[in-house]
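attaching a predicted model along with its sequence, questions to come.
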Amino acid sequence: MIPFGFASLRTCTRETGDRPGGASLTANPPPILNAGGTVACDRTRQATHGTAREGRLPPRRERRGFRRLISMIRIQNIFFGFDEKPILQGLNLHIQRGDTTVVMGQSGCGKSVLLKLIVGLFKPDSGEIWIDGEEVTHLKEKELDRVRKKIGMLFQSAALFDSMNVFENVAFMLHQHTKLSKQEILKIVEDKLELVDLPGTENLKPAELSGGMRKRVGLARAIAMAPDIVLYDEPTTGLDPITAEEINHMIRDLNTKLNVTSVVVTHDMKSALSIANKMAMVHQGKIVAVGTPEEMVHNENPIVRQFISGTKI
């Protein structure tokens, strides 16, 4: 059985009339994609039954020792393209456990494609992708499902089910993939909505929400099952500056509170500098620079300088 969080995009797309991955990602994708959420890994689902009285998922254990030295996501020499058009051409990137890594670059450079490769929607033409110490590009579908359970995703469009209210959207995976009672699920949904500053919105429909509220509901769904990794595709696109800063603050806050590894794709430099502790610049299908925000601001690479300053050099 393909877990929700990846399997339900086609249903979601039919209801919303939107294409969560963006217009550049329509090359006959296989029917598996994260619709803004995830499913807990097996150990989390099992542990869930032991926390029934609290009605919430168990807290994440702090990782120590050698596991911190293993990159949570390691991308090695990835090549990928659509038909005759190359997109990624030998891309390499290591993302450490617990980091918030911003992947930036011009529109159409392959940033969102990279997220789809990480979750297994696309298969690279060559190269390796390692998730939590496991190489995943050659895994069969059932094995990929197990890896996908570690990942939550917030799409640019939020990808909410228009026919469901806020509670039903956030609770969808909990209903489908746990044996929690209705009361326990209600408590978890309330907790997640509280985390994204949307208490008391359970009965609203997506059509009644502003753009920023839709993003936050999508984020609540993405973290409902305690993922290890959260991917964000252009989280501030289409938002006014005040709402965009609220989303930036939320990303920083959740990364700390939930101890997740975050990957944020954006071309919004203000957002990137605000949330990242590491930044990576994509240009012509490769990573041309990696560093802290301060290092990237002072990077002498003319491509990086031009992108950060927003002026042609």
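Sure, I can see it. Numbers count the residues shown, from 1 in each chain.

low-confidence ranges, the stretch 201-313 of the chain, go.
Within the stretch 201-313 of the chain, the stretches with pLDDT under 70 are 312-313.

what about the helices in it?
When secondary structure is read from DSSP state H, counting those that start in this stretch, the stretch 201-313 of the chain shows helices at 211-223, 241-258, 269-275, 293-297, 302-309.

output the ones you listed in TSV, with mean neighbour count appended to each entry.
Every residue, glycine included, has its C-beta placed from N, CA and C. Listed next are these as TSV, based on neighbours: other Cβ atoms under 10 Å:
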stretch	mean neighbour count
helix 211-223	25
helix 241-258	16
helix 269-275	20
helix 293-297	16
helix 302-309	17
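
same list (those helices) but as a markdown table, adding distance to residue 116.
Below are the helices of the stretch 201-313 of the chain laid out as a markdown table (distance: least, Cβ to Cβ, whole Å):
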| stretch | distance to residue 116 |
| --- | --- |
| helix 211-223 | 16 |
| helix 241-258 | 20 |
| helix 269-275 | 20 |
| helix 293-297 | 24 |
| helix 302-309 | 22 |
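
who wins for proximity to residue 93 among those helices?
Nearest of those to residue 93, taken as Cβ to Cβ: helix 293-297 at 14.2 Å.

pull the residues that contact that closest one.
The contact list for helix 293-297 (Cβ atoms under 8 Å, 6 or more residues apart in numbering) reads 272-273, 276-277, 279, 281, 289, 304, 308.

how about 10 Å then?
Applying Cβ atoms under 10 Å, 6 or more residues apart in numbering, the contact partners of helix 293-297 are 102, 104, 269, 272-281, 289-291, 304-305, 307-309.

out of the helices of the stretch 201-313 of the chain, which is closest to residue 77?
Closest of those to residue 77 is helix 302-309, at 20.4 Å (criterion: Cβ to Cβ).

so how far is that closest one off the chain centroid?
26 Å (Cα atoms, centre = their mean, to the nearest Å).

repeat for stretch 237-253
Distance of stretch 237-253 from the chain centroid (Cα atoms, centre = their mean) equals 15 Å.

the host helix or strand of residue 89 pairs with which strands, and in what direction?
Assessed by DSSP states H and E, residue 89 sits inside strand 85-95. Strand pairing for strand 85-95, determined by DSSP bridges: strand 73-82 (antiparallel).

mind checking how far the strand it pairs with is from the chain centre?
Worked out by Cα atoms, centre = their mean, strand 73-82 lies 17 Å from the chain centre.

same question for stretch 196-210.
21 Å.

got it, and stretch 225-242?
For stretch 225-242, the distance to the chain centre is 7 Å (Cα atoms, centre = their mean).

pull up the distance across it, start to finish.
Distance across stretch 225-242, first residue to last, is 29 Å (Cα to Cα, to the nearest Å).

in that stretch, what's buried?
225-237, 239 (16 or more other Cβ atoms under 10 Å).

and the gap between residue 184 and residue 194?
In this view, residue 184 and residue 194 are 16 Å apart by Cβ to Cβ, to the nearest Å.

likewise for residue 283?
Using Cβ to Cβ, residue 283 is found at 40 Å from residue 194.

neighbour count: these two, which is higher?
residue 283 (18 against 12; other Cβ atoms under 10 Å).

list the contacts of that one.
Taking Cβ under 10 Å, 6+ apart as the contact definition, residue 283 lies against 104-106, 109-110, 289, 301, 303-304, 306-307.

what do you get for residue 136?
117-120, 123, 128-130, 143-144, 146-148.

what do you get if the cut-off is 7 Å, keeping everything else the same?
By Cβ atoms under 7 Å, 6 or more residues apart in numbering, residue 136 lies in contact with 120, 129, 144, 147.

tell me the secondary structure for the spatially closest residue to the first one that is not a sequence neighbour?
The reference is to residue 120. In space, and not counting its chain neighbours, residue 120 is closest to residue 144: 4.7 Å by Cβ to Cβ, 6 or more residues apart in numbering. Three-state assignment for residue 144 (DSSP: H, G, I helix; E, B strand; the rest coil): helix.

thought residue 144 was touching residue 122?
No - judged on Cβ atoms under 7 Å, residue 144 makes no contact with residue 122 at a distance of 11.9 Å.

quick check, central residue of the protein?
Per Cα atoms, centre = their mean, the C-alpha nearest to the average position across the chain is that of residue 231, at 1.5 Å.
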